[in-house]
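Visitor: dropping a prediction and its sequence here:
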Amino acid sequence: QKEVEQDPGPLSVPEGAIVSLNCTYSNSAFQYFMWYRQYSRKGPELLMYTYSSGNKEDGRFTAQVDKSSKYISLFIRDSQPSDSATYLCAISETSGSRLTFGEGTQLTVNP
Amino acid sequence: DGGITQSPKYLFRKEGQNVTLSCEQNLNHDAMYWYRQDPGQGLRLIYYSQIVNDFQKGDIAEGYSVSREKKESFPLTVTSAQKNPTAFYLCASATLDPTDTQYFGPGTRLTVL
């Protein structure tokens, strides 16, 4: 069993839709949860970073962590064609240490 | 401009040749990392270093080597022992601050001909 599971998609939605991206993990020691966005042939860029359970909002993006269920989510409101990218969840036990990545979900937002 | 640079962007090599990928950062980060990305497999850790002249193997270190002679630089050598080297290689760096995370360079696409 992989430490982090992420549905690879592809996911295709119309512009303006609410997008939900999810990861599950198996190690209860994980405490730091990140979402990276990666455009084609580019390096990943950090989108959201949360510690422990709860919600964090930044503009159209909301990251949600449920440690009891070992489940993390990224919601994108009013999705735009520029949101089309691969979204990677990443998790670590301690901040600054090695990250464990999901395999990424490819998202396309159609105008 | 602060950031992480990787060069070259595209690299071609013949089978049996060693090749070195460059990673430089001017963010004053202590930790640096090398990942490999293949379709459908996410990012896998090759090597990482948290201090100059010290580094640790990641999950897929076989066929790779690194050095950390300067804080700013963490070159990765893909040796001829690496069975399937064609991939997208990503370098990242981070502080050791517990509230920080890793930041990535633009990547190098290596193709073995």
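Guide: Here it is on my side, so go on. Numbering: from 1, shown residues only, chains lettered A, B, ... in the order given.

Visitor: contacts only, for B:Cys91.
Guide: B:4, B:6, B:21, B:23, B:25, B:32-35, B:74, B:76, B:104-105, B:107 (CB atoms under 8 Å, 6 or more residues apart in numbering or on different chains). All C-beta spots, glycine's among them, are computed from the backbone N, C-alpha and C.

Visitor: whoops, B:Gln56 was the one
Guide: Per CB under 8 Å, 6+ apart, neighbours of B:Gln56: B:Tyr47, B:Tyr48, B:Ser49, B:Gln50.

Visitor: quickly list what it is bridged to.
Guide: B:Tyr48 (DSSP bridges).

Visitor: got a pLDDT number for it?
Guide: Listed pLDDT for B:Gln56 reads 94.

Visitor: list buried residues within the contacts of B:Cys91.
Guide: B:4, B:6, B:21, B:23, B:25, B:32-35, B:74, B:76, B:104-105, B:107 (16 or more other CB atoms under 10 Å in any protein chain shown).

Visitor: looking at those residues, which are in strands?
Guide: In this view, the buried ones among the contacts of B:Cys91 that belong to strands under DSSP state E are B:Ile4, B:Gln6, B:Leu21, B:Cys23, B:Gln25, B:Met32, B:Tyr33, B:Trp34, B:Tyr35, B:Leu76, B:Phe104.

Visitor: surely the first one touches B:Gln25?
Guide: Yes. In this structure, B:Ile4 sits in contact with B:Gln25. The criterion is CB atoms under 8 Å, and the distance is 4.6 Å.

Visitor: between those two, which contacts overlap?
Guide: With CB under 8 Å, 6+ apart as the test, B:Ile4 and B:Gln25 both reach B:Cys91, B:Ser93, B:Gly105.

Visitor: for chain B, which residues are neighbours of chain A?
Guide: Selection of chain B residues close to chain A by CB under 8 Å from any CB of the partner chain yields B:4, B:6, B:31, B:33, B:40-45, B:48, B:58, B:88, B:90, B:94-107, B:109.

Visitor: so which residues on chain A come close to chain B?
Guide: Checking chain A against chain B by CB under 8 Å from any CB, the hits are A:4, A:6, A:8, A:32, A:34, A:36, A:41-46, A:49, A:51, A:88, A:90, A:92, A:94-96, A:98-99, A:101-104.

Visitor: and if we set it to 6 Å?
Guide: Contact residues (CB under 6 Å from any CB of the partner chain) of chain A with chain B: A:Met34, A:Gly43, A:Pro44, A:Tyr49, A:Ser95, A:Gly96, A:Arg98, A:Phe101, A:Gly102, A:Glu103, A:Gly104.

Visitor: just say helix, strand or coil for B:Leu96.
Guide: Under DSSP: H, G, I helix; E, B strand; the rest coil, B:Leu96 falls in the coil class.

Visitor: is it in contact with B:Asp30, as I believe?
Guide: Yes. Using CB atoms under 6 Å, B:Leu96 is in contact with B:Asp30, at 5.1 Å.

Visitor: for B:Tyr89, pull up the helix or strand it's in.
Guide: strand B:87-94 (DSSP states H and E).

Visitor: in its sheet, what does that strand sit against?
Guide: Counting by DSSP bridges, strand B:87-94 is paired with strand B:31-37 (antiparallel), strand B:103-104 (antiparallel), strand B:108-112 (antiparallel).

Visitor: how far off centre is that strand?
Guide: 5 Å (CA atoms, centre = their mean, to the nearest Å).

Visitor: for that strand, what is the average pLDDT?
Guide: 95.

Visitor: repeat that for stretch A:59-78.
Guide: Rounded mean pLDDT across stretch A:59-78 is 96.

Visitor: many thanks, we can stop here.
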